[in-house]
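Chemist: With the sequence up front, the predicted model follows.
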Amino acid sequence: MKKIMSVILFLLTFLLISCNNEIPPYEIELLAGDDLVYLDEEWVDAGCNVMIEDETYQMTRENDPITNRANEYLIKYTYEYLDYYEVTCLRIVKVSDNQFPTVEINPGVDTIKVNEEHEDMGVTYEDDFSISITVEVVSDVDTSNPGTYSIIYKVTDMDRNQVIVTRVVTVIE
């Protein structure tokens with residue numbers, strides 16, 4: 001039993017000593033590049049370097065952005081040092097569309113009498129690339145007073161392409 005314990009203790013000591021591989025101090029330099037690209041344009045990688053012990057090494061890029069799909073992509077660079085330590089660098093590349101959403105005002109009754117209720121039928125919108133679209137509605141319609149009023153719809157996609165359309169509501173006596 002003492003022999004087995006001695007062997008286990010020896011192996012544990014050996015493992016602990018051999019695991020003490022420390023990387024010397026290093027600096028990572030994410031090279032300046034154009035990290036905004038529009039759909040179907042070519043992205044040119046500026047790269048990322050690591051400096052270890054006064055030597056500069058070019059890091060390897062692990063993935064690429066998909067430039068035919070609007071999204072944000074996390075690009076990973078790595079460098080393996082002395083076969084036991086990996087240095088990582090990250091870059092965010094945004095693939096953006098410059099296409100505006102299409103917006104149509106839904107048909108509805110937009111001329112009403114004083115004190116009648118106005119039902120806003122809203123808008124229909126579509127965007128070929130964005131999965132996230134916001135619609136802001138601003139209305140000054142006052143059905144208790146005759147006049148011409150506006151309902152403004154601001155439709156914005158995730159790339160901040162915005163379309164503004166206006167519905168005119170008329171309140172008559």
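Modeler: All right, it came through fine. Numbering: from 1, shown residues only.

Chemist: do you know how far the residue lying closest to residue 62 once chain neighbours are set aside is from residue 55?
Modeler: Sequence neighbours aside, residue 76 is the residue nearest to residue 62 in space, at 4.3 Å (criterion: Cβ to Cβ, 6 or more residues apart in numbering). The C-beta positions use only the backbone N, C-alpha and C, and glycine is treated the same way. Computed with Cβ to Cβ, to the nearest Å, the distance linking residue 76 and residue 55 is 22 Å.

Chemist: what does residue 137 give?
Modeler: Taken as Cβ to Cβ, the span from residue 137 to residue 55 is 59 Å.

Chemist: about what we covered before: was I right to think the residue nearest to residue 62 contacts residue 60?
Modeler: No. Contact criterion Cβ atoms under 8 Å: residue 76 and residue 60 do not qualify, at 9.3 Å.

Chemist: between those two, who's got more neighbours?
Modeler: residue 76 (15 against 12; other Cβ atoms under 10 Å).

Chemist: other SSEs contacting the strand or helix carrying that one?
Modeler: Assigned by DSSP states H and E, residue 76 belongs to strand 71-81. Here strand 71-81 touches strand 48-52, strand 60-61, strand 85-96, going by 3 or more Cβ pairs under 8 Å, 6 or more residues apart in numbering; DSSP states H and E.

Chemist: most neighbours per residue, which of these?
Modeler: Among the helices and strands packed on strand 71-81, the stretch with the highest mean neighbour count (mean count of other Cβ atoms under 10 Å) is strand 48-52, at a mean of 18.

Chemist: Quick check: mean pLDDT of the helix or strand following it?
Modeler: Counting by DSSP H and E, the next helix or strand C-terminal to strand 48-52 is strand 55-58. Averaged over strand 55-58, pLDDT sits at 94.

Chemist: roughly how far out does strand 55-58 sit from the chain middle?
Modeler: Distance, stretch centre to chain centre, for strand 55-58: 30 Å (Cα atoms, centre = their mean, to the nearest Å).

Chemist: Could you spell out the sheet neighbours of it, each with its direction?
Modeler: strand 48-52 (antiparallel) (DSSP bridges).

Chemist: List the contacts of the strand it pairs with.
Modeler: 23-31, 56-59, 61, 77, 79, 81, 87, 89, 91 (Cβ atoms under 8 Å, 6 or more residues apart in numbering).

Chemist: In the protein, where is pLDDT below threshold?
Modeler: 1-21 (pLDDT under 70).

Chemist: And the strands in it?
Modeler: 26-30, 36-38, 48-52, 55-58, 60-61, 71-81, 85-96, 102-105, 111-113, 123-126, 133-139, 147-157, 162-172 (DSSP state E).

Chemist: List the contacts of the fifth one.
Modeler: For strand 60-61, the surrounding residues in contact (Cβ under 8 Å, 6+ apart) are 45, 47, 48, 75, 76, 77, 78, 79.
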